[in-house]
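Peer 1: Sequence and computational prediction follow.
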Amino acid sequence: MTTETALFTVRRAEAALTPALPPFGQFIGGTFVPSSSSETVDIVNPATEEVLTQVPAGTVEDVDAAVAAAVAAKEAWAAKTPRDRSAVLLKIADIIEANREVFETLEAANTGKPSAVAEDDISSAIDTFRFSAGAARAYSTLGADDYAENHTSVIHREPVGVVGVITPWNYPLLMAAWKIAPVLGAGNTLVLKPSEQTPLTTLKLAELIASEVPAGVINIVTGPGRVVGNRLSEHPDVDLVAITGSVGSGQKVAAAAAGSVKRVHLELGGKAPVVVFADADLEAAAKGVRSAGFWNGGQECGAATRVLVHESVAEKFTELLVREISEITVGAPGTDDAEIGSMISKAHYERVLAALDEVRKDGLTIAVGGRAIDGPGYFIEPTVVSNVPAGAAITSNEIFGPVVSVETFSTDEEAITRANETIYGLAASVWTRDSARSLTVPRKLDFGTVWVNSHLVIATEMPWGGFKGSGYGRDLSSYALDDFSRTKHVMYNRG
Ligand code: NAD
């Protein structure tokens, strides 16, 4: 499809990416083994539409074998001291760092993301392992003491056991790292199912760390969510299942997990409001939305997708935002200066285009962008939808693409009420130069992370996770270690 304005075109790299592919098979018990099925899934480069390779379409039997390996490994891994587990996590970080280019190229080829995003993903994955290595040695609980007469209480922090992990496609290695590092740091073993679309960096990680991690501590099974993910969720020997994904998948995981009363850790979707008050630095806010709304092509659960701007500055702000977004460079991986790459898949590209068709059908104004860009590859123009009325579908549906909407409000109370009118509760931002507002408004917003005069800045030491439909459970920070541990109280009668 050719755009009317051709404001955006796709920059292409001179040479095709040549990623180092992982071995074929399921990673079970410390080695790659054949799947019980000969069926495979094509893994596609969404920026070129070329098939990169195939991976096994895993089965219930594959999951059962991987869980058995994780069960067999759990006692020895749990018995290790925090220092010894920490040493393994540090080694994993070092291996990723030593193979940084391998991971960056493979991630970019499998997701179509720009090099800058792939680089950031890999750096953050390394940092996640290093942080968890330290945090795992610094657990704290109530001190051993007498809390009942003549009885001394001791609290043990124990691993939960075997953890099932299900990851999405938007940050494949990073989302795996966000789980693997605290899950292992807390002394659990795991079976991880990557997204069926983006398993390559997770499999590459398994290949490169195989000799450093005891067999069975990490197991990877590729395949569809409804088979592999569902089996992990219902498996009686899996003690906790953690998923990062959409609300619908989270609901299915929680329902399947209920049968065995296992713990569930959910990091689900988002639709982050960006509340811009009249006293805000409008240029900074527009630049903030450019970077935080379009990072990873807007395929980001905390993306700054829904601007609520005070009516008195709406025109000025929209003008600044449209100027910023018009300057975005779209490019295939391997081009140095691309800000956004392709959508992850044909199916997702079609979903985002269908959402843009709805916007047009609703009679809304597309101030910039709004269309597909010439292929090959699943590229969509960075888009701003302006003058959006309260309650329009675009204000509540997670599009998960390069699309930002702008609506207005007239009072602080209205801004807060409308920002909270969403099923999601993952992240939000507030833009103001008024110190009282900067202190009161974040407290009234129902989101797990609220930035003030910023958006999408992540710190490994700080918890990440949502409220309401965005799920429960925390990634990053020492709270993630809490989520993957259990406490046991032992009370000694000294009488
Ligand atoms: P998705 O829900 O389609 O898939 C996520 C994972 O769940 C995949 O591995 C998939 O195979 C698996 N799955 C699907 N159905 C399943 C089932 N019935 N049982 C078990 N597993 C199943 O999500 P996606 O499209 O890969 O990722 C995008 C979504 O993830 C967005 O909604 C986004 O907001 C969310 N996300 C959230 C965070 C966060 O930190 N909260 C981070 C990244 C992405």
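Peer 2: Done, it's in.

Peer 1: can you pull the contacts of the closest residue to the ligand within the stretch 51-200 of the chain?
Peer 2: In the stretch 51-200 of the chain, the residue that lies nearest the ligand is Pro168 (3.2 Å; CB to the nearest ligand atom). Placement of C-beta: from N, CA and C, glycine included. With contacts taken as CB atoms under 8 Å, 6 or more residues apart in numbering, Pro168 has the following neighbours: Met175, Ser195, Thr244, Gly245, Ser246.

Peer 1: distance of the last one from Asp145?
Peer 2: The gap separating Ser246 from Asp145 is 45 Å, by CB to CB, to the nearest Å.

Peer 1: Residue numbers of the stretch 101-250 of the chain in contact with the ligand?
Peer 2: 166-170, 175, 193, 195-196, 225-226, 229-230, 233, 243-246, 249 (CB under 6 Å from any ligand atom).

Peer 1: Buried subset of the residues you listed as a PyMOL selection?
Peer 2: Selection of the buried residues among those in PyMOL, burial being defined by 16 or more other CB atoms under 10 Å:
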select buried, resi 166+167+168+169+170+175+193+195+196+225+229+230+233+243+244+245+246+249
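
Peer 1: Show me the residues of the stretch 101-250 of the chain next to the ligand that map onto strands.
Peer 2: Within those, membership in strands is found for Ile166, Lys193, Ile243, Thr244, as judged by DSSP state E.

Peer 1: in stretch 120-133, what counts as buried?
Peer 2: 120-122, 124-133.

Peer 1: ugh, typo on my part, it should be stretch 485-495
Peer 2: Neighbour counts over stretch 485-495 (16+ other CB under 10 Å) mark Ser485 as buried.

Peer 1: Repeat that for stretch 451-459.
Peer 2: By neighbour count on 16+ other CB under 10 Å, the buried set for stretch 451-459 is Trp451, His455, Leu456.

Peer 1: ok, residues contacting it?
Peer 2: With contacts defined as CB under 8 Å, 6+ apart, stretch 451-459 is touched by 124, 272, 274, 280-281, 284, 288-289, 291-292, 295, 300, 302-304, 427-432, 438, 442, 464, 476.

Peer 1: count of residues packed around the spatially closest residue to Tyr378 that is not a sequence neighbour?
Peer 2: The spatially closest residue to Tyr378, leaving aside those adjacent along the chain, is Tyr349, at 3.6 Å (CB to CB, 6 or more residues apart in numbering). Using other CB atoms under 10 Å, Tyr349 has 21 neighbouring residues.

Peer 1: quick one: the helix or strand Tyr349 falls within near the ligand?
Peer 2: Using DSSP states H and E, Tyr349 maps to helix 346-361. No. With CB under 6 Å from any ligand atom as the threshold, helix 346-361 lies outside contact range of the ligand, at a closest distance of 7.2 Å.

Peer 1: which helices and strands sit right next to whichever helix or strand comes after that helix?
Peer 2: Read in the C-terminal direction, the helix or strand following helix 346-361 is strand 365-368, with elements assigned using DSSP H and E. When contacts are defined as 3 or more CB pairs under 8 Å, 6 or more residues apart in numbering; DSSP states H and E, strand 365-368 packs onto helix 314-326, helix 346-361, strand 383-386.

Peer 1: so which of those is the most packed in?
Peer 2: Each of these was assessed for mean neighbour count using mean count of other CB atoms under 10 Å. The highest is strand 383-386, with a mean of 25.

Peer 1: Remind me what that one packs against, helices and strands.
Peer 2: Secondary structure elements in contact with strand 383-386, counted by 3+ CB pairs under 8 Å, 6+ apart, are helix 314-326, strand 365-368, strand 403-409.

Peer 1: Tell me the spacing between the most centrally placed residue in the chain and Ser345.
Peer 2: Computing the C-alpha centroid of the chain and ranking residues by CA atoms, centre = their mean puts Met175 first, at 5.1 Å. Spatial separation of Met175 from Ser345 under the definition CB to CB is 17 Å.

Peer 1: same deal with Leu208?
Peer 2: For Leu208, the distance to Ser345 (CB to CB) stands at 26 Å.

Peer 1: same question, Thr152
Peer 2: In this structure, Thr152 and Ser345 are separated by 58 Å, where distance is defined by CB to CB.

Peer 1: So for those two, which sits in the more crowded spot?
Peer 2: Ser345 (18 against 14).

Peer 1: I'd guessed the more buried one sits against Pro46; true?
Peer 2: Yes. Under the criterion of CB atoms under 8 Å, Ser345 lies in contact with Pro46, with a separation of 5.8 Å.

Peer 1: Val385 against Arg360, yeah?
Peer 2: No. Val385 is beyond contact range of Arg360, at 9.6 Å (criterion: CB under 8 Å).

Peer 1: At which residues are the strands of the stretch 101-250 of the chain located?
Peer 2: Ranges of strands in the stretch 101-250 of the chain, per DSSP state E, counting those that start in this stretch, are 145-148, 151-159, 162-166, 189-193, 218-220, 240-244.

Peer 1: Tabulate the ones you listed (JSON lines), appending mean pLDDT.
Peer 2: Output for those, formatted as JSON lines (pLDDT from 0 to 100):
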{"stretch": "strand 145-148", "mean pLDDT": "96"}
{"stretch": "strand 151-159", "mean pLDDT": "97"}
{"stretch": "strand 162-166", "mean pLDDT": "99"}
{"stretch": "strand 189-193", "mean pLDDT": "99"}
{"stretch": "strand 218-220", "mean pLDDT": "98"}
{"stretch": "strand 240-244", "mean pLDDT": "98"}
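
Peer 1: So for Phe24, which of those sits nearest?
Peer 2: Taking CB to CB as the measure, those were each checked against Phe24, and strand 218-220 came out nearest at 12.3 Å.

Peer 1: by contact count, what packs against the closest one?
Peer 2: Where contact means 3+ CB pairs under 8 Å, 6+ apart, strand 218-220 is packed against strand 26-28, helix 60-79, strand 189-193, helix 200-209.

Peer 1: Most tightly packed of the ones you listed?
Peer 2: The densest packing among these, expressed as mean neighbour count by mean count of other CB under 10 Å, is seen in strand 189-193 with a mean of 30.

Peer 1: can you give me the end-to-end distance of stretch 364-376?
Peer 2: Between the opening and closing residues of stretch 364-376 we find a distance of 29 Å, counting by CA to CA, to the nearest Å.

Peer 1: contacting residues for Ala47?
Peer 2: Under the contact definition (CB under 8 Å, 6+ apart), the residues listed for Ala47 are Ala109, Gly112, Ala332, Pro333, Gly341, Ser342, Pro376, Gly377, Tyr378, Phe379.

Peer 1: Check the residues you listed for burial and list the buried ones.
Peer 2: Members of the contacts of Ala47 classed as buried by 16+ other CB under 10 Å are Ala109, Gly112, Ala332, Pro333, Gly341, Ser342, Gly377, Tyr378, Phe379.

Peer 1: thought the third one was touching Arg12?
Peer 2: Yes. The pair Ala332 and Arg12 qualifies as a contact (CB under 8 Å) at a distance of 5.2 Å.

Peer 1: Next SSE downstream of the helix or strand containing Arg418?
Peer 2: Secondary structure assignment for Arg418, by DSSP H and E: helix 412-420. Heading C-terminal from helix 412-420, the first helix or strand you meet, by DSSP H and E, is strand 424-425.
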